[in-house]
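1. one predicted model, sequence on top.
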Amino acid sequence: MRGMLILVTIIIFFVLLTSCKDNQDQTKTTSKIPTDVVTTTQAVTTTEDTSYESVKYRKVDTLKFYNQINIIGPDPFVTSKDGYYYFTRTLGSRIDLWRSRTLSGIDLGERKTVYIPSPGLKEIWAPELHFIAGKWYLYFTANTGCGDSCRGIYVLENENDNPLEGEWVNKGKINTKYAGLDGTVFEHNGEHYFIYAAYGNWSGAHGSSLSIAKMLNPWTLTGEETILTHPEYSWEKQGMHVNEGAVIIKNQDKVHLVYSASACWVDGYSLGVLTTTNNKDVLVKDNWHKSTEPIFRSSATNGVFGPGHNFFVKTKDGKEDWIIFHGNNYPGQGCGHRPSRLQKVNFDETGNLILGEPLKGELTVPSGDYRIDLIHTIGENISKNPIENTYILNEEASRVIIKDINVPEQGVYSITLTYRNHNSSKLRITVNNSSSINLDLPSSNNEFVSISFNVLLNKGYRNEMIINYLDGITELKSLDIDGEVDFKIEHNQEYIFINPSGGKAVKTSAIGFNIITWDYQDNDLSFRFKFYHLGNNIYRIEHVSTKKALAVIDKNMNTVRFMEYQDLNTQKWELVHLGYGLFKFKNVGTNKVLDISGASIDIGASVHTWDDVLEGTAQIFRIYPVN
């Protein structure tokens, strides 16, 4: 009797525990599950379409991109160096860096966690990555558990050329005069300066102003601090009196300090600007002219609300300036998902900044986004032309290795190689250690010319091309990637599912058929799935390793497992395309969607089903074909 009582108690506890879900990053929709949902014991009337070749979901090309660039992206930062863009954003509990050869496709780039704080640091916000005197420095906001009063800016140092590699050394907390957040660094007339949002009662209420100081080194301030601006106007005092998120952009003789005004939880969050000139002392407040109105604000017409906390980046070819910022898709979403967005920056004839309105939808890609200057690749046994920044292949062992070729979807792309030679020459091109082609290059009479060929590339950055010497002498300058490809679900193709919020892939656990998130590993079949089309965007999803079907085994507890396929509605999934390559998996038997428990961004999180949530970041996946 006692054993039975213990067993019943354990069962009740398990039911209560697993039925509770903390979707901390999401907002529930008001829609309810229909009362006539087919139960787990009933079969759907569809039958498998064994004749289908593919189901097309979207077409992409290398000329345009969709703005927003991720599904969640508060406090975005981006910089460029040596042919790569480096991106980061607020995650709260850690710092991740992204690395990509394209700005528009940076969320498809390589991603790596570079910093997990000690238990004493909380609320890791607003990271920024700066390259100073040959080293990388990562600045971020954190507090030690008492909120604003102990919030400050910390800095890490890395000597590696690639900030996703090497060791990050903790240089400690910046010695600011005030508690604060959102630290940034800029160079002016040979000196480095630090600006941050300083807490205080600057305008009749608790809030933040912008304070500036000179830097002795990348982790130490020297001299007096100057308050450059505090909230003065009504558009700076909505929700809270706030000036924060400072960033510098220069044009001609103008120096613009752009900042965010008001609280992030109101739609009135916007950008203001201070302006000075190159010959002025930036530590003197009176040398700056402040705008009396926002220069960038919500646009209900364009569907962007609360735009702010931006940074500026010059395209890797040096031809354009772009702004990256966060902004919501709907009014009243506050300090929630705030996807990152990009758009081109303009200046008038005297160097004044022109931002216009925040844009959403399809835009032209940044200049040079799909061009790779080969000087920013790996050259082995080659000579360099320092004037033209080119590689010269002139012996049998000469080769160029081009890693991280980033494209929006898997497909065949046209590669245009710019070269010059005196006499005809030959090269061998190998892509992803599989297909190879030989190129006969006619003489260019020492003028740069181009030759094009087609290659199959994987979705995202996991692409490598090797250019090998075969004969003659060839000087290589750049390659351009061009193409228009479709994303399709194809019969007998293997796929992986990655949640872009945390960057983790879906897999089976080592024990049993539980479904969890994990860092993707090549050649591990536990990550791989196949789709079997049942018509009307409904699929049986089969796990490649176990040959079992993805199924809801207990709709009351939202439990998902792999099991033998029995033609049940709970084993059938509607593939819902949200646009721009993002999908939800909706179960036919329960009308709930695949979901990562607790909206976790960490490895080992359980995957189950939950009510469909508008913009629920734990429910959105990218689908990658795997060769």
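-> Structure received.
2. secondary structure class for residue 342?
-> strand (DSSP: H, G, I helix; E, B strand; the rest coil).
3. let me know the pLDDT of it.
-> At residue 342, the model reports a pLDDT of 98.
4. roughly how far apart are it and residue 369?
-> Noted for residue 342: a distance of 11 Å to residue 369, by CB to CB, to the nearest Å. In this view, the C-beta of every residue, glycine as well, is placed from N, C-alpha and C.
5. which residues do the two both contact?
-> When contacts are counted by CB atoms under 8 Å, 6 or more residues apart in numbering, residue 342 and residue 369 are jointly contacted by 103-104.
6. count of residues packed around residue 351?
-> When neighbours are counted by other CB atoms under 10 Å, residue 351 registers 16.
7. from the chain's centroid, how far away is the particular helix or strand that has residue 452 in it?
-> Following DSSP states H and E, one finds residue 452 within strand 449-457. Chain-centre distance of strand 449-457: 28 Å, with CA atoms, centre = their mean, to the nearest Å.
8. flag the shaky bits of this structure, pLDDT-wise.
-> 1-52, 510-512 (pLDDT under 70).
9. domains for it, by residue range?
-> Domains of the chain are assigned by automatic domain parsing as 24-53+491-626, 61-364, 371-485.
10. returning to that earlier point: the strand holding residue 452 pairs with which strands, parallel or anti?
-> strand 411-420 (antiparallel) (DSSP bridges).
11. quick one: contacts of the strand it pairs with?
-> 62, 407, 429, 439, 441, 444, 446-457, 465, 467, 474-483, 485-486.
12. now swap in stretch 375-393 and tell me
-> With contacts defined as CB under 8 Å, 6+ apart, stretch 375-393 is touched by 82-84, 373-374, 394-395, 397-403, 425, 427, 467, 469, 473-477.
13. and those, which are buried?
-> Among these, those classed as buried by neighbour count (16 or more other CB atoms under 10 Å) are 83-84, 373-374, 398-400, 402, 425, 427, 467, 469, 473-477.
14. among the residues you listed, name the ones in strands.
-> Judged by DSSP state E, the subset of the buried ones among the contacts of stretch 375-393 located in strands is 84, 373, 399-400, 402, 425, 427, 467, 469, 474-477.
15. in these, find the pair that's most separated.
-> Within these, two members stand farthest from each other by CB to CB: 84 and 425, at 28.9 Å.
16. which SS state does the most centrally placed residue in the chain fall under?
-> Geometric centre of the chain, nearest residue: residue 107, 3.1 Å, by CA atoms, centre = their mean. Secondary structure, three-state DSSP: residue 107 is helix.
17. now do the same contact list for the nearest residue to it once chain neighbours are set aside.
-> Once flanking residues are discounted, residue 107 sits nearest to residue 70: 4.4 Å by CB to CB, 6 or more residues apart in numbering. By CB under 8 Å, 6+ apart, residue 70 lies in contact with 89, 107, 339-340, 500.
18. give the buried subset of those as a ChimeraX selection command.
-> Command for ChimeraX that selects the buried part of the contacts of residue 70, burial taken from 16+ other CB under 10 Å:
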select :89,107,339,340,500
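19. just to revisit the earlier point, did I read that right, the residue nearest to residue 107 in a helix?
-> No. Residue 70 is assigned coil when assessed by three-state DSSP, not a helix.
20. return the set of buried residues in stretch 204-217.
-> Buried residues in stretch 204-217 (16+ other CB under 10 Å): 207-215.
21. and residue 311, how far from residue 236?
-> Using CB to CB, one obtains 20 Å as the distance from residue 311 to residue 236.
22. equivalent analysis for residue 606, please.
-> Counting by CB to CB - residue 606 and residue 236 are separated by 44 Å.
23. out of those two, which sits in the busier spot?
-> More neighbours surround residue 236 than the other of residue 606 and residue 236, with 23 against 18 (other CB under 10 Å).
24. now the angle between strand 340-344 and the helix or strand containing residue 79, please.
-> Per DSSP H and E: residue 79 is located in strand 77-81. Counting by axes from the mean of the first three to the mean of the last three CA atoms, to 10 degrees, strand 77-81 lies at 50 degrees to strand 340-344.
25. which residues sit against strand 77-81?
-> 85-89, 103, 106, 126-131, 311, 313-316, 324.
26. so which of the residues you listed are in helices?
-> Residues of the contacts of strand 77-81 located in helices (DSSP state H): none.
27. from the residues you listed, which land in strands?
-> Those of those lying in strands (DSSP E): 85-88, 126-131, 311, 313-314, 324.
28. out of those residues, which end up buried?
-> By neighbour count, with 16+ other CB under 10 Å, the ones in strands among the contacts of strand 77-81 hold 85-88, 126-131, 311, 313-314, 324 as buried.
29. most widely separated two among these?
-> So for those, where distance means CB to CB, the most widely separated pair is 126 and 314, at 21.1 Å.
30. can you pull the contacts of residue 624?
-> By CB under 8 Å, 6+ apart, the neighbours of residue 624 are 410, 458-460, 495-498.
31. secondary structure element holding it?
-> Counting by DSSP H and E, residue 624 is part of strand 622-626.
32. hey, C-alpha coordinates of that strand in PDB?
-> Output of strand 622-626 as PDB, limited to C-alpha atoms (Å, rounded to 0.1, in the frame of the first residue of the first chain):
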ATOM      1  CA  ARG A 622      15.500  27.400 -40.100                       C
ATOM      2  CA  ILE A 623      15.700  24.300 -42.200                       C
ATOM      3  CA  TYR A 624      19.100  23.400 -43.700                       C
ATOM      4  CA  PRO A 625      19.600  20.700 -46.300                       C
ATOM      5  CA  VAL A 626      22.500  18.400 -45.500                       C
END
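33. the residue nearest to the centre of the chain and residue 396, how far apart?
-> Separation of residue 107 from residue 396 (CB to CB) stands at 40 Å.
34. same deal with residue 602?
-> For residue 602, the distance to residue 396 - CB to CB - is 48 Å.
35. neighbour-wise, which of those two wins?
-> A direct count of neighbours by other CB under 10 Å for residue 602 and residue 396 places residue 602 higher, at 15 against 11.
36. distance of the closest residue to residue 120 other than its chain neighbours from residue 117?
-> Leaving aside its sequence neighbours, residue 120 sits nearest to residue 144 (CB to CB, 6+ apart; 5.6 Å). Distance, residue 144 to residue 117, using CB to CB: 10 Å.
37. kindly report the same for residue 299.
-> 36 Å.
38. next: residue 516.
-> In terms of CB to CB, residue 516 sits 24 Å off from residue 117.
39. can you pick out the residue with more neighbours from these two?
-> The neighbour comparison of residue 516 against residue 117 (other CB under 10 Å) goes to residue 516, with 20 against 16.
40. is the more buried one in a bridge, and if so with what?
-> Going by DSSP bridges, residue 516 forms beta bridges with residue 507, residue 606.
41. pretty sure it sits against residue 505.
-> No. Applying CB atoms under 8 Å, one finds residue 516 not in contact with residue 505, separated by 9.8 Å.
42. would you mind measuring from residue 597 to residue 417?
-> Counting by CB to CB, the gap from residue 597 to residue 417 is 48 Å.
43. in terms of neighbours, single out the busier of the two.
-> Higher neighbour count among residue 597 and residue 417: residue 417, with 22 against 18, using other CB under 10 Å.
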